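Student: turn this into a structure:
(chains A and B)
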Number of protein chains: 2
Amino acid sequence: MPKIADKYLLVDPWKVVEEGFDPVRNRVSESIFSLGNEYMGVRGYPEEGYGGDSLLGSYFNGLFEESKVAAHYKGIIKSLRFMVNAVDWLYTRITMDGETLDLAGSRFSDFRRELDFKSGIYTRELVWHLRNGKDIKLRFERFVSMTVSNLGCQRIVFEPLNFSGTVQVRTGLDFSVQHEDQGRGYWGTLKRQETGGMSGILAQTVNTKNRLFSAFRLEASDLLDSSPVESDCFIGRNVTLKLEQGKSTTLDKLAVNYAEKDLSLDHESVWQKGIELAGQYAGIGYDKAAEQQLAYWTRVWKSSDIVIEGDPENQQGIRFCIFQMYQTYHGDNPGFNIGAKGLTGEAYRGLAFWDTESYCLPFYIFNNPKAAKSLLEFRYKSLPYALQRAKDLDCEGAFYPIATIDGTESCDLWQHSNLQLHVGTAVAYGIRHYVNITGDTGFLYDKGLEMLIQISRFYATRGQFGQKTGEYGYFGVMGPDEFQLMVNNNCYINLMAKKMFEYTLDVIRQMRDEETAAFEALAERLGLTEQEMADWKHKAEMMKIPQDRESGVYEEHDGFFDMPHLDIRAIPVTEFPLYSHWSYDRLYRYDMIKQPDVLMFLFLYSGQFTLEEKRANYDYYEPRCIHESSLSPSIHSIIAAEIGRPEEAYKFFEFATRLDLDNYNRNTREGLHTTSIAAAWMNIVYGFGGMRSDGEKLVFNPSIPERWGHYSFPITFQGTKLAVEVNKEYATFRAESGEPVDISLYGQTYRVGSEGIKVSLDQVKVG
Amino acid sequence: MPKIADKYLLVDPWKVVEEGFDPVRNRVSESIFSLGNEYMGVRGYPEEGYGGDSLLGSYFNGLFEESKVAAHYKGIIKSLRFMVNAVDWLYTRITMDGETLDLAGSRFSDFRRELDFKSGIYTRELVWHLRNGKDIKLRFERFVSMTVSNLGCQRIVFEPLNFSGTVQVRTGLDFSVQHEDQGRGYWGTLKRQETGGMSGILAQTVNTKNRLFSAFRLEASDLLDSSPVESDCFIGRNVTLKLEQGKSTTLDKLAVNYAEKDLSLDHESVWQKGIELAGQYAGIGYDKAAEQQLAYWTRVWKSSDIVIEGDPENQQGIRFCIFQMYQTYHGDNPGFNIGAKGLTGEAYRGLAFWDTESYCLPFYIFNNPKAAKSLLEFRYKSLPYALQRAKDLDCEGAFYPIATIDGTESCDLWQHSNLQLHVGTAVAYGIRHYVNITGDTGFLYDKGLEMLIQISRFYATRGQFGQKTGEYGYFGVMGPDEFQLMVNNNCYINLMAKKMFEYTLDVIRQMRDEETAAFEALAERLGLTEQEMADWKHKAEMMKIPQDRESGVYEEHDGFFDMPHLDIRAIPVTEFPLYSHWSYDRLYRYDMIKQPDVLMFLFLYSGQFTLEEKRANYDYYEPRCIHESSLSPSIHSIIAAEIGRPEEAYKFFEFATRLDLDNYNRNTREGLHTTSIAAAWMNIVYGFGGMRSDGEKLVFNPSIPERWGHYSFPITFQGTKLAVEVNKEYATFRAESGEPVDISLYGQTYRVGSEGIKVSLDQVKVG
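Tutor: Prediction:
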């Protein structure tokens, strides 16, 4: 894995700290210091205006624009939707004695910024040395409220060090922001007004007519003057503050943002609703809002913290990951999903991938089941789109998009959007996983089964029988390993489809028994027939799962074993990422894989494969894997831990928690690898914790990395909150709340209640 | 083959005639009545202006514009070049008594148009009934000179039937033409001037700065008034002609067009050169030019006519094909190639494909060797582009473009431009074919071998060894059959590469023996080493040619025999063309093929395969072939004839000569299938004539379709002109000029001289 850390942040168990300003790393830091509350997100850009390299990004979950695609053929999407850069509600300009602050041009010192996981506040400090010899200390604070989704808070503190005087601040709401990827802005102002001590503006996007209301209220400690200022896409105020040497002067700005996608509402109604919300929230005051914020994060850490003793870097790293997971998504707002970069950049266009179900969902299932359910409901809500997409592809049932912001397919590369079939099975797996761990059969019967049936229909019409083998499978597909572009019988897709058929039929049997009337109604509504179910059963039975019987190695797809071999260790490090340095077609003609494919299903259905199989497949595929996906190493780490390769497990883990903090992939500047952040959690819980959650029982086989003293994590299982702690000698499980639950530990079943159990790592129960 | 004729043209051995005007078919007719002289082409659009559905197309060979491509990855082209719609030099508007002629609105009768193969003139007649009761007969004639490439001639004859009076005609040169596919015009005027009795205009394209000069001179029999008229992109004259009842008044316009792609010339030099050419050619007069045109076509028919007795439709059809082949290309202008639609429309963007070498070249080799050589020189001239393109794809040597107007790759679908490797081997095959038939080793040593070496280098670096089989081949490719999108070891590509390596090594040996010093110089210049040649030999020997030993069927690519079967006869006719009706990805997951792939190499290297192999492969692949390429049926016909299936051979031939005349593919409206027209010639000569030209000897196994009385065709072989005639009983071969040559006829060798030989179709020589 040619990944090298770029370490420039201070290590601290509860904070990310950067000392000194490095313009070259500014975009990286902007990503790392991103804030979000699932409803909205802002990158850590300098709000006072910056002439250097910066991505001014302000995003609202699910707020999108659209661009046309030159589609040559049927079934290839004609437009793509992307998360659009939106109002800069932090907009500020600071002028003193005719000089305007700009870190690209101004003289300054003592630059420091930090992101505090405990409070959720991002703070930036510096001393500005004006050309006329005046020195002033500035502190910028901001946070987006986790308790009031619409609320964003900004504080600027001025402390003159060697003078008294005034400062002019222009502050406001700016809709003239550019969407960098498209090289243009997308907002047109509908209304702009000062009202009730607030400045409000309502704008809408050019093509999709998404509307966004924004309003702000100022509070200043030493206000001398304040006057309105407006232009086409901007509303704000020019304020003059009195500064006194050695004293702090504070300017607080509370912004209330409200995104409205319902096109049936008229502009005035949206405006009125915005004004109401602003009236409700903007008056709370910065300190009170910060207090609520602290309380929220205290609850989060109480319920979800992972403690690692003896490894400060990974301790910081995993807390950063958990912090970002909550920032990106915590299930308070229905209809949201998780973009590959969360709300932290334009890359991947703000779109959600199969990462949601495959990498993020487990974190929520075990920490925040309500949020997990809400993610699955996104798929239920977008089922009509998936039904239409299947039709577009001449198939039946539901075909879930490989990349989406609202449920429609938004990947403009047909080879991905038409050939990658693994989202549907990921959704099915997610339903199964969620239901098994939470016991929420209500959701299963109410919405889950309908999705399962429609997904099954797709897989029953997209697949075909091989002419020679007579086996069922999928021709012309791309599996999770995107370095094999268009293949037949991808083993992952085939196996996941087989399991999906079997699970769907299981759930049908179960619901038919348990809730007969409801089932009959559903079956009738969907036109489900016995013949159709028999067809699924037959196809599941006939599914081709190619495996070399002698070695036990599964063949990733038909012909993979004959693919020309490449010693990937011989590729010069300068050629990474290969996507940028190799001709596109060249990527696809080796036995080189981009990310786990066979290993992925060996993990997902872990209980159904032997250790020997896992070893054989790991030994075959690991040396062929280039890890060009950031989702890749954690899965390798988890399996390495399982098959008794602790050093390899740690090697692959090494960059999991710090992928972005140390900018391993050299593209953190574009945004955080939000879904990979979820993989870091999996890496600890499934990897070292040895948890497996794919079977009847919850399984643990804990181990501990050599350099760690102990580690602990919580999980919620069937409503019971379990505290898991592992040290050099023992693994301890204790129910912190809820009924006692059964788990399997090193192959033995234990009932875990409030008194807990303690098992020595050499697998003998000691108390 | 779900192809149905749309017959609306009169059958005539020497003409295409349409009686009555059908607006729905107008675009089809515009294609069919296209004129060209290889330098320029014009569709048969109504030059007087037409408010109905029409594609006003005026094209100049190799004159292109450029548009950007959203390229996501390395090795995918970033811009594409296309033949740009250019000056409407036929521009005319006819007004009488305030009424302007427009077939979309005017009342008219007696509409008739014809294209005369003997004279090369397109004539259109109609009687215009004015609203005021006046009736006037109009005849429009036009041709593009085959003897003076720059010259286009237009004549309009006015014959008032029931009145005397005047007519106002605006005539001129219009650069404001739209390029329909891009929805915009591309020309900016540089200069416009009347000079020496001519009106001239010089314009250039927006992006590529290609320049086109155009000037015209008028001659009118009863001119009353003439005044200049100009606007931004237009220069012309308003003329008033005197009309006398029962008398014809004629307006002739001779336009001289001159395309200049040399960017180093200043505008004034281009203008001056244009004026000179105009002065030289525009004064010739319409009748004199028409006389030269007739003489030219008389020579063509004397040398290249195919006579079919007893089948008027195919007689007309094959003459239409030969006429169009000459119109599109005859080798007078160096640096030209043959677009898939010739100079008859915007479809396929005016680009040349492998069709040039695979389908068109044989016609020229056997009819016009100079033109054949010139086509190969196009590839030599564009070798630097091919070298660069190979580099772009991380390979060595030369990679010829799948679609090009100037030698650069201009296919914006990466799956075609990056994966289709069969142009290079087609060029190599073309060199071999040309040299074998003409004996032109001068070209071979001077340019051919250099291309062969660079092509070999590409194929030696693009291929790989299979990990399991140890055999050499090409992974991640698309063969001629474009319904198998990305496969490994396409049998056609592998076999053609093997043969190409072998031929290159043969030529190296031969040149080294015959022209040692020149060879050494070439080898040194190209850095050719013994090691490299040994590598090619090894790769040729190790080339994978997958074949089922039992049945003799070659497997089109790895895994093809397991591709799900589709009974293509069961596809409803309404679903054709499949590209428009099926989801793009669905096309690629059956054992359905688009066009011959295995059968193609069985034809190209016919002498190396047994009849049994051909039968077995024909029986396997023919029922799987959908013929979505117009190039497809002729190859099937040729092989069917060879393996003794005369009825099938005729069935596939049926639409070869009349593909466009009867609009079998329903897209003739976009332009003629120029390269398929060449396949019609092959279908007769290789199919019924049973010619094979891939071995040491020229081979014939003539047969005759049941409904034909006799047929004859000429071929030029090693400088000798052979007349071949086949009737129900005999095949006759006679050298019309040149030395006696040896041919193989029904397996026996004969020397054919001026006295000729006559062999009975039952294979006994009778005289």
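
Student: OK, contacts around residue A:685?
Tutor: Residue A:685 makes contact with A:362, A:366, A:691, A:713, A:715, according to Cβ atoms under 8 Å, 6 or more residues apart in numbering or on different chains. All C-beta atoms are positioned from the backbone trio N, CA, C, and that covers glycine.

Student: how much space between it and residue A:448?
Tutor: 24 Å (Cβ to Cβ, to the nearest Å).

Student: same check, this time on residue A:257
Tutor: In terms of Cβ to Cβ, residue A:257 sits 34 Å off from residue A:448.

Student: returning to what we had before: pick out the most distant pair among the contacts of residue A:685.
Tutor: A:362 and A:713 (12.2 Å; Cβ to Cβ).

Student: burial count for residue A:206?
Tutor: 14 (other Cβ atoms under 10 Å in any protein chain shown).

Student: state the distance from the residue nearest to it when sequence neighbours are not counted to residue A:91.
Tutor: Spatial nearest neighbour of residue A:206, excluding adjacent residues (Cβ to Cβ, 6 or more residues apart in numbering or on different chains): residue A:186 at 5.2 Å. The gap separating residue A:186 from residue A:91 is 17 Å, by Cβ to Cβ.

Student: please apply the same query to residue A:174.
Tutor: 4 Å.

Student: ok, now residue A:175?
Tutor: 10 Å.

Student: show me where the stretch 351-500 of chain A has its helices.
Tutor: A:355, A:361-367, A:369-381, A:383-392, A:414-417, A:422-438, A:441-443, A:449-462, A:491-514 (DSSP state H, counting those that start in this stretch).

Student: so does the fifth one get close to chain B?
Tutor: Yes. Taking Cβ under 8 Å from any Cβ of the partner chain as the criterion, helix A:414-417 and chain B are in contact, through A:414-415.

Student: what helices or strands is that helix leaning on?
Tutor: For helix A:414-417, not one helix or strand is in contact under the criterion 3 or more Cβ pairs under 8 Å, 6 or more residues apart in numbering or on different chains; DSSP states H and E.

Student: again, only using 10 Å
Tutor: Under the contact criterion of 3 or more Cβ pairs under 10 Å, 6 or more residues apart in numbering or on different chains; DSSP states H and E, helix A:414-417 touches helix B:414-417.

Student: same question, the last one
Tutor: Secondary structure elements in contact with helix A:491-514, counted by 3+ Cβ pairs under 10 Å, 6+ apart, are helix A:422-438, helix A:441-443, helix A:449-462, strand A:472-473, helix A:516-526, helix A:530-541, helix A:598-604.

Student: average model confidence for it?
Tutor: Mean pLDDT, helix A:491-514: 98.

Student: just to check, residue A:138 is in contact with residue A:167?
Tutor: Yes. Applying Cβ atoms under 10 Å, one finds residue A:138 in contact with residue A:167, separated by 9.5 Å.

Student: re the thing from before, which of the contacts of residue A:685 tops the neighbour count?
Tutor: residue A:366 (26 neighbours).

Student: does the nearest residue to that residue once chain neighbours are set aside count as helix, strand or coil?
Tutor: Once flanking residues are discounted, residue A:366 sits nearest to residue A:715: 4.2 Å by Cβ to Cβ, 6+ apart. What DSSP: H, G, I helix; E, B strand; the rest coil gives for residue A:715 is strand.
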